[in-house]
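Chemist: Predicted model and sequence below, questions to follow.
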Amino acid sequence: MSDSVADAWNIQKGVIYLNHGSFGPSPTPVLQARQEWIERLEREPMDFLVRQLSDHLDYAADRLAKFVGCSADNLIFVPNATSGMNIVVANTQLEPGDEVLLTDHEYGAVVRIWGKACQRAGATTVTARLPLPMTDRQDVIEAIFERVTPRTRVLVVSHVTSQTAIILPVREICERARQLGIRTVVDGPHAVAMVADRIDSIPCDFYTASCHKWLCAPMGTGFLYVRSHFKQGLQPTTWSWGRSLKGNDPSWKDEFHWTGTFDPTGYLSIPAAIDFLEAYGLKKFREQTHALAQTARNSLSRFGDGTALTADSSNWYGSMVSIPLPSETETSAFPGTMHPLQSWLWEMHQIEVPVIQWKNQLLLRVSCHLYSQPQHLEQLQSALEDWHQK
């Protein structure tokens, strides 16, 4: 692969894109692979969907399973991590008085999904507040398990947190939860490609992730890993024929891989995304993007509030870093509204970077991928100087 790897992306001219953590664009080889799949599908949809698709999906699942470190027979495709989480919730029987434990760094949609499930069942969600700054893995683990009670049925934890961009010690967390008989669900959309951990090294029951983030597969591609104990009888959230259209032997995946007519070309392009990153070198990718995130943390910290969320180490953050902003920075009208600083950075400087209202803090979250350049961070720094002077 050429040293000018950044040229593989067709980022809009004039735009500085530092928000790969929300929506990661695909490089040209992945887009080309998907276009080829689309053309094959459209030339003869009946032959492709009925006779060919199951084999193509099996191949793509096998490649993805090898990449993330699990058996292909434990993995199904889903559109995104949220879809996978909804499947887990739909297959979790909660009783009145049960508790679902999450951390205060969990993604808002995940908190909402489990909150609604608990509300229907008469159960409750419990929040473990993690220590800040995070410098000791054991302190994080203890903060979680201090909130465990005899009523705790499910533990939901992010592999890499969305708002705060922190890598959590999920292996140790899941090991301890299994010893206590607590079902574990790992929310992992930011971990795929960014971190080296294999799923088979994490003793979780479910692991849901998106492939459109750091792996750079097409939008609308993700997966759900299911531990063997939970595969049989797992029910979908959308019901269809529940069998292979080709007439293959029945599989637990049938309910999930055919839920009606859909566009499978995103899933089938995942191997192209894997090929792209592996050709560049996964270790090199991780080191290069972490180095840029570290540069962002160091160079932008003077605009922060003087605190850091974690120790300055790749053990705690990877290709993405969140920097706390001063409390006097103007806040949004309500959580979820685009912050004035984020809007201004886009409107005045064409810089895409999220300013996140997390609890009572504002965070500037910077994402770095292979198309990111040091000068992009310099331009962000210059823009922030303008903001503070206006």
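Modeler: Structure's in. What do you need? Numbering: from 1, shown residues only.
Chemist: quick one, phi/psi of Ser322?
Modeler: Main-chain dihedrals, Ser322, degrees, to the nearest 10: phi -110, psi 130.
Chemist: Tell me what it is bridged to.
Modeler: Taking DSSP bridges as the rule, Ser322 bridges to Arg365.
Chemist: ok, it - how many residues close by?
Modeler: 29 (other CB atoms under 10 Å). For the C-beta atoms, the positions are set from N, CA and C on the backbone; glycine is no exception.
Chemist: Gln179 now?
Modeler: So Gln179, with other CB under 10 Å, has 9 neighbours.
Chemist: again with the one 5 residues further on
Modeler: Here the number of neighbours of Thr184 (other CB under 10 Å) works out to 23.
Chemist: For beta bridges, what are the partners of it?
Modeler: Leu155.
Chemist: what's near enough to touch it?
Modeler: Val154, Leu155, Val156, Val157, Ile173, Cys174, Ala177, Arg178, Pro203, Cys204, Asp205, Phe206 (CB atoms under 8 Å, 6 or more residues apart in numbering).
Chemist: Name the member of those residues with the most neighbours.
Modeler: Busiest of the contacts of Thr184 [other CB under 10 Å] is Leu155, holding 29 neighbours.
Chemist: Just confirm that one contacts Leu101, I think it does.
Modeler: Yes. Look at Leu155 against Leu101 with CB atoms under 8 Å: they come within range, at 4.9 Å.
Chemist: excluding its backbone neighbours, what's nearest Ala293?
Modeler: Val321 (4.4 Å; CB to CB, 6 or more residues apart in numbering).
Chemist: State the distance from the one you found to Val353.
Modeler: From Val321 over to Val353 the distance is 11 Å, taken as CB to CB, to the nearest Å.
Chemist: what do you get for Lys13?
Modeler: Relative to Val353, and taking CB to CB, Lys13 is found at 18 Å.
Chemist: Could you do Ile38 as well?
Modeler: 32 Å.
Chemist: Show me which of these two is the more surrounded one.
Modeler: Per other CB under 10 Å, whichever of Ile38 and Val353 has more neighbours is Val353, with 24 against 15.
Chemist: from memory the more buried one sits against Cys368, does it?
Modeler: No. Counting by CB under 8 Å, Val353 does not reach Cys368; the two are 10.8 Å apart.
Chemist: joint contacts of the two?
Modeler: Leu18.
Chemist: all strands in the stretch 51-200 of the chain, in order from the N-terminus.
Modeler: Here the stretch 51-200 of the chain has its strands, by DSSP state E, counting those that start in this stretch, at 75-78, 99-103, 124-128, 152-158, 183-187.
Chemist: right, and those - which one's nearest Gly247?
Modeler: strand 75-78 (19.6 Å; CB to CB).
Chemist: What separation do you get for the residue nearest to Ala293 and Arg63?
Modeler: 30 Å.
Chemist: Between the two, which has more neighbouring residues?
Modeler: Val321 (30 against 16).
Chemist: what residues are up against the nearest residue in space to Arg243 that is not next to it in sequence?
Modeler: Beyond its immediate neighbours in the sequence, the residue positioned closest to Arg243 (CB to CB, 6+ apart) is Asp254, lying 5.1 Å away. By CB under 8 Å, 6+ apart, Asp254 lies in contact with Trp241, Gly242, Arg243, Ser244.
Chemist: could you redo the last one with a cut-off of 7 Å?
Modeler: When contacts are counted by CB atoms under 7 Å, 6 or more residues apart in numbering, Asp254 touches Gly242, Arg243, Ser244.
Chemist: Pull out the buried members of these.
Modeler: Buried subset of those (neighbour count, 16 or more other CB atoms under 10 Å): Ser244.
Chemist: quick one: average confidence on stretch 345-353?
Modeler: Average pLDDT, stretch 345-353: 97.
Chemist: again, but for stretch 47-56
Modeler: Mean predicted confidence for stretch 47-56 is 96.
Chemist: now do stretch 16-27
Modeler: 97.
Chemist: do you know how far Arg171 is from Thr184?
Modeler: For Arg171, the distance to Thr184 - CB to CB - is 11 Å.
Chemist: Kindly apply the preceding question to Pro45 instead.
Modeler: For Pro45, the distance to Thr184 (CB to CB) stands at 40 Å.
Chemist: Ile323 too?
Modeler: Taking CB to CB, one finds Ile323 at 30 Å from Thr184.
Chemist: can you check Phe230 too?
Modeler: 11 Å.
Chemist: before we move on, what about Ala191?
Modeler: Following CB to CB, the distance that separates Ala191 from Thr184 is 15 Å.
Chemist: Next up, the contacts around the most centrally placed residue in the chain.
Modeler: Geometric centre of the chain, nearest residue: Pro189, 1.5 Å, by CA atoms, centre = their mean. Applying CB under 7 Å, 6+ apart, one finds that Pro189 lies in contact with Ala81, Ala209, Ser210, Lys213.
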